[in-house]
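Q: Here is my input, please return the structure:
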Amino acid sequence: MSEITSAPLIAPHAEPLGVYVHVPFCASTCDFCAFYQTAPTADGVDRFLQGIADEAAVVAWPRAVTTVFWGGGTPGLLAPGDIRRLGEIVRARLGGTPVEWTVEMAPASVTDARLEALKDIGVTRISMGAQSFQPALLEGLGRQHTREQIFRAYERIRAADFASVNIDMMFALPGQDEAAWLADLNQALALAPDHLSTYCLTFEEDTKLWVKLSKGQVKLDTEHEARLYETTWARLEASGYAQYEVSNFARPGHACLHNVNTWRMHEWIGLGPSAASQQAGVRGGNVADLDQWLAGVARGERVTEDRVLLTPALLVEDALIFGVRMNAGVDLTALRQRFPSAPWARVRSEADRLVDAELAELSGDCLRLTPRGRLLADSVGTTLMDAFSEEVTA
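A: Alright, predicted model coming up:
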């Protein structure tokens, strides 16, 4: 194993640059998941790893990488040797040691050997998808792990001494009342992770849960969801976790920097099938098909879909939509310095409208959502998107 401590740390003042690697392999498909995935085979994994090397060679790497994030799929499903191989491919392009390197893991795939491989390549942060500690709710989501596996996996991760550990939880699940959610939340808190992500269940098209919703087998209850949001925020604040985004809470120094940089509309490079990139004035996603992606990168091409030019108007729109979801809000002065040619009359008009509706507040030149606005963050984002679409088509 090559030495990694000799690589220089990325300068803290450098413009952030992220790398996202989509590892598409999953042993089974969860009922709520809409991310691209495929069943793992030895040949498929080997071709995927070669494809990542080929795609990394095609990319123009403008500067040293600040953060790395492996998602999926189930990145932790890779064998230890494959983890090291993928790590070496990525490390060869980083230009130094990133300040944060996150890998998603499922409880059933956590082993000491995999954790050792992740430590060896320089991973600093593990994000484990628990979702629930209750067997009936896990079964309803199609999750393939047990309550006991969550505990064993977390113990192993902590013993491996990663700098930061996150647990993903989900609420508003079919059959889950407020008491059941509080029980899950309290169990997660008893583990004392550095970071908690608490996601309200969403029904994505082409998922098993979407089919159940369309058949009336499960129902939406927005008032129930709002109560669970408020319960979550109060419980986590009382336990010392600061909310820094609608669904994310951290102890001091443990916010996910990769996600924060993405929400602030900095650049990131996506590798792997379906991975999105935002770089060099263009945003687009790789084709969501392993074989098509492999064929493209073997030809020295990145097969991307939905390519859009990153105009100042689009970047400001997205910086607002994602930025107001963060508790720190959006510094409009700083944003205007980054994108002076954006439609600032529209920005000011929308900011004033949100303030008048008591969905947001302006503190100096910082726009942030009120507690009521955070409960309606998705609809606030949709309204902002519609307003900027009017600006573009006017």
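
Q: can you list the weak-confidence ranges in the stretch 1-150 of the chain?
A: Scanning the stretch 1-150 of the chain for pLDDT under 70 picks out 1-14, 27-36.

Q: Which parts of it are helices?
A: Assigned by DSSP state H, counting those that start in this stretch, the helices in the stretch 1-150 of the chain fall at 42-58, 80-91, 112-121, 135-141, 147-159.

Q: Which strands or helices does the third one pack on?
A: It refers to helix 112-121. When contacts are defined as 3 or more Cβ pairs under 8 Å, 6 or more residues apart in numbering; DSSP states H and E, helix 112-121 packs onto helix 80-91, helix 147-159. Quick note: C-beta positions are derived from backbone N, CA and C, even for glycine.

Q: Number of residues surrounding V246?
A: Residues lying near V246 (other Cβ atoms under 10 Å) number 20.

Q: quick one: pLDDT of it?
A: Looking at V246, its pLDDT is 95.

Q: about what we covered before: please work out which of the helices of the stretch 1-150 of the chain is packed deepest.
A: helix 80-91 (a mean of 20; mean count of other Cβ atoms under 10 Å).

Q: And for that helix, what's in contact with it?
A: Outside helix 80-91, the residues within contact range by Cβ atoms under 8 Å, 6 or more residues apart in numbering are 1-2, 4, 19, 21, 23, 45, 49, 52-53, 56, 68, 70, 78, 111, 113-114, 116-118, 120-123, 271.

Q: And the helices of the stretch 1-150 of the chain: which comes nearest H254?
A: Set against H254 and scored by Cβ to Cβ, the helices of the stretch 1-150 of the chain come closest in helix 147-159, at 13.9 Å.

Q: Give the next helix or strand downstream of that closest one.
A: Note on helix 147-159: by DSSP states H and E, the next helix or strand toward the C-terminus is strand 164-171.

Q: before we move on, back to that, among the helices and strands packed on helix 112-121, which is nearest E305?
A: Nearest of these to E305, taken as Cβ to Cβ: helix 80-91 at 23.1 Å.

Q: one step back: let's have the helices of the stretch 1-150 of the chain in TSV, adding distance to E305.
A: Converted to TSV, those look like this (distance: least, Cβ to Cβ, whole Å):
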stretch	distance to E305
helix 42-58	15
helix 80-91	23
helix 112-121	30
helix 135-141	29
helix 147-159	35
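
Q: Out of those, which gets nearest to A183?
A: With Cβ to Cβ as the measure, helix 135-141 is the member of the helices of the stretch 1-150 of the chain nearest A183 (10.3 Å).

Q: can I get the helices and strands packed on helix 112-121 in JSON lines with distance to R325?
A: As requested, these are exported to JSON lines (distance: least, Cβ to Cβ, whole Å):
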{"stretch": "helix 80-91", "distance to R325": "28"}
{"stretch": "helix 147-159", "distance to R325": "27"}
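
Q: and of the ones you listed, who's closest to L138?
A: Set against L138 and scored by Cβ to Cβ, these come closest in helix 147-159, at 7.6 Å.

Q: Whatever helix or strand E305 lives in pairs with which strands, parallel or anti?
A: Using DSSP H and E, E305 falls within strand 304-309. Partners of strand 304-309 in the sheet, by DSSP bridges, are strand 282-286 (antiparallel).

Q: what distance separates the partner strand from the centre of its chain?
A: Remark: strand 282-286 is offset 17 Å from the chain centroid, using Cα atoms, centre = their mean, to the nearest Å.

Q: Only the buried residues of that strand, if you could.
A: Buried positions in strand 282-286, judged by neighbour count with 16 or more other Cβ atoms under 10 Å: 283-286.

Q: for stretch 297-312, same thing?
A: Along stretch 297-312, these residues count as buried under the neighbour rule (16+ other Cβ under 10 Å): 297, 302-304, 310.

Q: cool, and stretch 239-254?
A: Within stretch 239-254, the residues that qualify as buried are 241, 243-251, 254, counting by 16+ other Cβ under 10 Å.

Q: separation between the residue nearest to R368 when sequence neighbours are not counted and D378?
A: Excluding the flanking residues, the one nearest R368 by Cβ to Cβ, 6 or more residues apart in numbering is G329, at 2.8 Å. As judged by Cβ to Cβ, to the nearest Å, G329 and D378 stand 17 Å apart.

Q: Which one of those two is surrounded by more residues?
A: Counted by other Cβ under 10 Å, G329 and D378 do not tie: G329 has more neighbours, with 19 against 13.
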